[in-house]
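In: just need the structure, nothing else, for what follows:
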Amino acid sequence: MKAAIIFACLLAVAFARPDVSIVRQDADVQPEGYNFDVETSDGTQHASSGVLQNVGSDHEAIAVKGSYSWVDEKTGEKFTLTYIADENGFQPQGAHLPVAPVA
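Out: Residues are numbered from 1 along each chain as shown. Now for the predicted structure:
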């Protein structure tokens, strides 16, 4: 159910810009996980997979891995963000993101 909600939100974002259309879309939503891959005509790409962990326990949660890429409209530069979202929270990585200093 959670995966379906996430997927619906991503589609809403894709349709928010009327001049952009979906050129490729693959999705597989199962009770214990999902995979999806979407590409729009403006070069935006989003791929994600999630697996339900600790099924049937009080600690049931979805662990997600994915990436999101887009092209900056002003500079034409392509940005890519990879991420993991699990029991340790949302963990994004990308060359354009600032890095905290080592303690």
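In: can you give me the helices in the protein?
Out: Applying DSSP state H to the chain gives helices spanning 2-15.
In: now the strands for it?
Out: Listed in chain order, the strands of the chain (DSSP state E) span 22-30, 33-40, 45-53, 61-71, 78-86, 89-93.
In: now do the buried residues in the last one.
Out: To tie it back to what came earlier, the one meant is strand 89-93. Of the residues in strand 89-93, none count as buried by neighbour count, 16 or more other CB atoms under 10 Å. From N, CA and C alone the C-beta is placed, and that goes for glycine too.
In: cool, the fourth one as well?
Out: Buried residues in strand 61-71, defined by neighbour count with 16+ other CB under 10 Å: 61, 62, 63, 64, 66, 67, 68, 69, 70.
In: what do you get for the fifth one?
Out: For strand 78-86, the buried set under the neighbour-count rule, 16+ other CB under 10 Å, comprises 81, 85.
In: what inclination does it have with respect to strand 61-71?
Out: An angle of 170 degrees separates the directions of strand 78-86 and strand 61-71 when computed by axes from the mean of the first three to the mean of the last three CA atoms, to 10 degrees.
In: where are the low-confidence patches of this structure?
Out: Counting by pLDDT under 70, the chain contains low-confidence ranges at 1-18.
In: isn't residue 35 up against residue 46?
Out: No: under the criterion of CB atoms under 8 Å, residue 35 makes no contact with residue 46, lying 11.8 Å away.
In: residues contacting residue 60?
Out: Taking CB atoms under 8 Å, 6 or more residues apart in numbering as the contact definition, residue 60 lies against 52, 53, 54.
In: I'd say residue 96 and residue 75 touch.
Out: No: shown here, residue 96 and residue 75 do not form a contact pair, counting by CB under 8 Å, at 11.4 Å.
In: are any of the contacts of residue 60 buried, and which?
Out: Neighbour-count burial (16+ other CB under 10 Å) applied to the contacts of residue 60 gives residue 52.
In: identify, from the contacts of residue 60, the entry nearest to residue 25.
Out: The shortest distance between residue 25 and any of the contacts of residue 60, using CB to CB, involves residue 52 and amounts to 22.5 Å.
In: who does the closest one form a beta bridge with?
Out: For residue 52, the beta-bridge partners are residue 62 (DSSP bridges).
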